[in-house]
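S.K.: Sequence first, then the predicted structure, then my questions.
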Amino acid sequence: MELLCGEVDPVRRAVPDANLLHDDRVLQNLLTIEERYLPQCSYFKCVQKDIQPYMRRMVATWMLEVCEEQKCEEEVFPLAINYLDRFLAGVPTPKTHLQLLGAVCMFLASKLKETIPLTAEKLCIYTDNSVKPQELLEWELVVLGKLKWNLAAVTPHDFIEHILRKLPQPSEKLSLIRKHAQTFIALCATDFKFAMYPPSMIATGSVGAAICGLQQDEDVSSLTGDALVDLLAKITNTDVDCLKACQEQIEVVLLNSLQQYRQDQGDGSKSEDELDQASTPTDVRDIDL
Amino acid sequence: MSEPSRDAHQIPRGSKACRRLFGPVDSEQLRRDCDALMASCVQEARERWNFDFVTETPLEGDFAWERMRGLGLPKLYLPAGPRGTRDDLGGGKWPSTSSALLQGTSQEDHVDLSLSCTLVPHSPERPEGSPGGPGTSQGRKRRQTSMTDFYHSKRRLISSKRKP
């Protein structure tokens, strides 16, 4: 008998369930239902009068910072953005409510996905106390009502393991590819351009962009170029040209955010864990967007 | 893999993420908008279910509502009595409309009461499935065990509407 002594990780996670991840029916079901959770329209044109696209980027960037600082599970941020977009697609909202709305969406997504969720009090501190916990809780009900309590939205993260499993990569490379793909997914969530894309396409494009980015420095993949895109497109039934376009857009967004990052570096403050990085600078976590 | 617990993860002092993005927030306007949106949720639910959730009265419509007692539902689904947390969080300040819809009323005689609804077939509708057999006219009647089971019924209603 072996005795194990060690600090217990207080964050409880379910182990990956092979019954779910190794079953194609699960992937097919995800592909079937994902469109249900997309925002109903491009709301800057048809719903919102006060809110501009740059404001969504501001609130999304802030939400990402909070999720990073609180070490939220990876899905929390894209899920919260999904709630935000779906709410804004239906309810005209003044810009002064936008940060509260972002906080509410993180509150809900964290409760759905985490064992130790973010508290209302903490989120209010992150708004510099411009909203009170009580207001946050009241708006939680409003958002729930408007989302019709449909919170278990499909996110790009739901597809990642299904995609990675079907790639011919050596398993030791997978964790790096996974990490970079997750970063691309977060990056996509900050940009409204991707809000109406199906999560499967964002996931597939992110995995493709991750492999292409990593491939420049080390050999992570036996498949490259068109062969890789073809395989990826087949896995999620995505149109090859759409997928290519999506992957290119992701790469453009990455470049833009890197430029922004370098500009900010000129202003001083460096992020603490900047050095804890892979050789390719594809980790948005350390970029101040 | 291992991460510190949320508790140990306090907000770092001077965190850049603590900031207000769009200037001062008008609490009064928040309150007004919140009430208006909640009222619209209540109205939507009222039309959707032909049920007045504020007064808990059935209305005319596709669903036939009936009272049920003692379903043995988990306490979670029953309207709560006075609970500390809710009051702390401003339960008392709620307009009755919103709390009635989303949290149940606190009237004591409702503690063990649920409502069941049945989809009423429209008269010009043809019966589903093989015609003529006994019981087929009841085939479209579907009983819910409780409001918590609303989703199937919702789908059912939509499909029945689509049928010309």
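M.R.: Everything's here; your move. Numbering: from 1, shown residues only, chains lettered A, B, ... in the order given.
S.K.: Where does the stretch 51-200 of chain A get nearest to chain B, which residue?
M.R.: Nearest residue of the stretch 51-200 of chain A to chain B: residue A:145, at 3.5 Å (C-beta to the nearest C-beta). C-beta: built from backbone N, CA, C; applies to glycine.
S.K.: Pretty sure that residue sits against residue B:43.
M.R.: No - shown here, residue A:145 and residue B:43 do not form a contact pair, counting by C-beta atoms under 8 Å, at 10.7 Å.
S.K.: Neighbour count for those two, which is higher?
M.R.: When neighbours are counted by other C-beta atoms under 10 Å in any protein chain shown, residue A:145 and residue B:43 differ, and residue A:145 comes out ahead with 19 against 13.
S.K.: For the more buried one, grab phi and psi.
M.R.: phi -60, psi -50 (degrees, to the nearest 10).
S.K.: same deal with residue A:13?
M.R.: phi -130, psi 140.
S.K.: got a list of what the closest residue to it other than its chain neighbours touches?
M.R.: Leaving out its chain neighbours, the residue that sits closest to residue A:13 by C-beta to C-beta, 6 or more residues apart in numbering or on different chains is residue A:115, at 7.6 Å. Applying C-beta atoms under 8 Å, 6 or more residues apart in numbering or on different chains to residue A:115 gives the contacts A:11, A:12, A:13.
S.K.: How about residue A:22?
M.R.: Each residue near residue A:22 by C-beta under 8 Å, 6+ apart is listed here: residue A:165.
S.K.: Next, the distance between the ends of stretch A:114-124.
M.R.: Taking C-alpha to C-alpha, to the nearest Å, stretch A:114-124 runs 19 Å from one end to the other.
S.K.: Centre of the chain to it, how far?
M.R.: 18 Å (C-alpha atoms, centre = their mean, to the nearest Å).
S.K.: tell me which residues in it are buried?
M.R.: Neighbour-count burial for stretch A:114-124 flags A:114, A:116, A:117, A:118, A:119, A:120, A:122, A:123, A:124 (criterion: 16 or more other C-beta atoms under 10 Å in any protein chain shown).
S.K.: What segments of the stretch 51-200 of chain A are helices?
M.R.: Secondary structure of the stretch 51-200 of chain A (DSSP state H, counting those that start in this stretch): helices at A:53-69, A:76-88, A:98-113, A:120-126, A:133-146, A:157-165, A:171-189, A:199-215.
S.K.: what's in contact with the fourth one?
M.R.: What it means is helix A:120-126. Residues from elsewhere that reach helix A:120-126 (C-beta under 8 Å, 6+ apart): A:62, A:66, A:70, A:103, A:106-107, A:131-133, A:136-137, B:11, B:15, B:17-18.
S.K.: Can you list the low-confidence ranges for chain B?
M.R.: Along chain B, the parts satisfying pLDDT under 70 run over B:1-9, B:70-71, B:78-114, B:121-164.
S.K.: which helix in it runs the most residues?
M.R.: Secondary structure of chain B per DSSP state H: the longest helix is helix B:27-49.
S.K.: pLDDT at the residue nearest to residue A:35 when sequence neighbours are not counted, what is it?
M.R.: Spatially, and ignoring its direct neighbours in sequence, residue A:35 is nearest to residue A:198 (6.2 Å; C-beta to C-beta, 6+ apart). At residue A:198, the pLDDT value in this model is 96.
S.K.: go on, residue A:149?
M.R.: 93.
S.K.: Pull stretch A:97-111 out as CSV, backbone CA atoms only.
M.R.: What follows is stretch A:97-111 as a C-alpha-only set of coordinates in CSV (Å, rounded to 0.1, in the frame of the first residue of the first chain):
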residue,chain,number,x,y,z
HIS,A,97,-24.5,49.5,-17.6
LEU,A,98,-22.0,47.6,-19.7
GLN,A,99,-19.4,46.9,-17.0
LEU,A,100,-22.1,45.7,-14.6
LEU,A,101,-23.3,43.5,-17.4
GLY,A,102,-19.8,42.1,-17.9
ALA,A,103,-19.5,41.4,-14.2
VAL,A,104,-22.9,39.6,-14.1
CYS,A,105,-21.9,37.5,-17.1
MET,A,106,-18.6,36.4,-15.4
PHE,A,107,-20.6,35.7,-12.2
LEU,A,108,-22.9,33.4,-14.1
ALA,A,109,-20.3,31.7,-16.2
SER,A,110,-18.1,31.1,-13.1
LYS,A,111,-21.0,29.6,-11.2
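S.K.: mind listing what's buried in that stretch?
M.R.: Buried residues in stretch A:97-111 (16+ other C-beta under 10 Å): A:97-110.
S.K.: Same check on stretch B:30-41?
M.R.: Buried-residue list, stretch B:30-41, by 16+ other C-beta under 10 Å: B:30, B:33, B:34, B:35, B:37, B:38, B:41.
S.K.: Kindly report the same for stretch B:13-28.
M.R.: B:17, B:18, B:20, B:21, B:22, B:25.
S.K.: do stretch B:48-68 as well
M.R.: B:49, B:50, B:51, B:53, B:54, B:56, B:58, B:62, B:63, B:65, B:68.
S.K.: distance between the ends of it?
M.R.: 21 Å.
S.K.: Tell me if that stretch is near chain A.
M.R.: No - judged by C-beta under 8 Å from any C-beta of the partner chain, stretch B:48-68 stays clear of chain A, getting no closer than 9.6 Å.
S.K.: circling back: keep the buried residues of stretch B:30-41, but drop any that are not near chain A.
M.R.: Residues of these in contact with chain A (C-beta under 8 Å from any C-beta): B:30, B:33, B:34, B:37, B:38, B:41.
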